[in-house]
Structure formats: structure tokens, C-alpha cells
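>>> Fold the following, please.
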Amino acid sequence: MEQTEKANLLIIEDHEIVAIGLKTLMAANPALGTIDCTATAKQAMELTVAHPYDLYIIDVELPDMTGIELLKSLQTLSPDSAFIFHTIHDELWTLHKMVSSGANAIVMKNDDPGEMQQAIASVLDGGTYFSSHFRECCEEMERHQTLSEREIDILRLIAEGLQTKDIAERLFVSANTIEFHRKRIMRKLAVTNMAQLVKEGIAKGYINVKR
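Sure, this is the predicted structure:
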């Protein structure tokens, strides 16, 4: 979403002290005009029907609907708006839902306040933003995920000594795709080099060692 005039903001947050803090913080942002607050999803939709906002900051947990459900409704009512999730929840299922929701940005409540300002600047310029703590949570989540069948195939080929180009040709995909999977496998196994990757793959039973 590109914005040249001041953007109107709706904060949807049921904890009054958090809402007041956000509004105070946002009032200092020269890119923002009207800043309204509401504590319920129902009122957020009513306000949007009357006059859509350019930008929404949404708590994931609301008293009458989840923020993720609300986001879907607001996207229908105001498809040109930008949406930022603001939450304390870092559970695996919540992270998954937020990532796949279509939100323009995600900021955790224990992030530095400056991250919200960065998120607003980014989404008003048509970009996306994912805060440092959110990225850390996602990386930690990946480290506890099991490898997919394709990732196991690639890991075993790496263990055989094949290079990226050779693996790509064998699996009929691009070298970039193999590199993407390799980096993801390394994050999941929490390793930083090839020797550690093979060692951890053996330890977790992904790579069979002939005796």
C-alpha cells in the first residue's frame, strides 16, 4: 500500500493500557493522521463499514473474535488497507496462522517500541515487516520441526557429496530451489556448516550409515 497523504489508523486492542500506549506512541508519527481505538472485533468492523482506515494494528486475542478471523473480515471490507498484527503470543500454531494470514507486518509486544514505527513505515511504503523477536520465534520453531521427505532426500544427497548443481539436476529443480532447501534444513537442524549438517542428520536418523 503506497501512501502520500497522512494515513488513518485503527488500533484494535482490548487491554486499555496497551491501547493507550500504542496511541501515544503513534501520535508522534508524522505519517499518521486520525488514530482511533476499539476493544472489539465487532466495533472494528462497524467502524470500517462506516469509513475504512488506511492502516490497522490488530491484537491476535480479542474478546469476541480472534484477530486472525477479524483480519479476514477486514481484508474483505477494506482490501486496500495495510494490517499489522501486534501480539504477545508466540505459540507454534499462532505463528503459523499469522504467517499465512496475509498480514503486512507482525510485531511482538515484547519488541522494542521502535519496531512498530519501522513496521508502519514499511507497510505504508508498500512493503512488509517482521520484527526481530518474531523472526527469532520462527527460527526457533523451524529448529523443532521435522524434515519433509524432499528435505530428507536433499540431505542424503548432500551426505553423498553431491554439489548443489548435481542435486538440482537429479531432482529436476533449479539450483536456487536446492539452496533454499539446504538453508532451511540447516535451520531446522540448528547447524552452521556441512560437517555439522551431516553429523546431525546421522544422529537424528535421517542419514543411514552403512556398517
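>>> if I read this right, Cys37 contacts Glu13, doesn't it?
Yes - counting by Cβ atoms under 8 Å, Glu13 is a contact partner of Cys37 at 6.8 Å. Just so you know, the C-beta spots here come from the backbone N, C-alpha and C atoms, and that holds for glycine as well.
>>> Show me which of the two is the more surrounded one.
Glu13 (24 against 19; other Cβ atoms under 10 Å).
>>> my read: that one touches Asp59, true?
Yes - using Cβ under 8 Å, Glu13 is in contact with Asp59, at 4.7 Å.
>>> Could you pull out the residues contacting both of these two?
Residues within reach of Glu13 and of Asp59 at once, by Cβ atoms under 8 Å, 6 or more residues apart in numbering, are His86.
>>> returning to that earlier point: got any residues that touch both of Cys37 and Glu13?
Ala19, Leu22.
>>> Run through who's touching stretch 119-134.
1-3, 7, 26, 29, 31-32, 54-55, 82-84, 90, 95, 104-108, 110-112, 115, 118, 138.
>>> er, stretch 196-211 actually
Leu147, Ile152, Leu155, Arg156, Ile158, Ala159, Ile185, Met186, Leu189, Ala190, Val191.
>>> ok, the second one - how many residues close by?
This means Ile152. Neighbour count for Ile152, taken as other Cβ under 10 Å: 16.
>>> for this structure, which helix is longest?
The single longest helix within the chain, with elements called by DSSP state H, is helix 175-189.
>>> what's the pLDDT at the residue nearest to Thr66 when sequence neighbours are not counted?
Distance criterion Cβ to Cβ, 6 or more residues apart in numbering; nearest residue to Thr66, sequence neighbours excluded, is Val60 at 6.5 Å. Per-residue confidence (pLDDT) for Val60: 94.
>>> In contact with Val60, which residues?
Val60 makes contact with Thr66, Gly67, Ile68, Phe85, Thr87, His89, Thr94, Met98 under the criterion Cβ under 8 Å, 6+ apart.
>>> measure the residue positioned nearest the centre of the chain to Glu46 for me?
Nearest residue to the geometric centre of the chain (Cα atoms, centre = their mean): Val99, 4.2 Å. With distances taken as Cβ to Cβ, to the nearest Å, Val99 is found 28 Å from Glu46.
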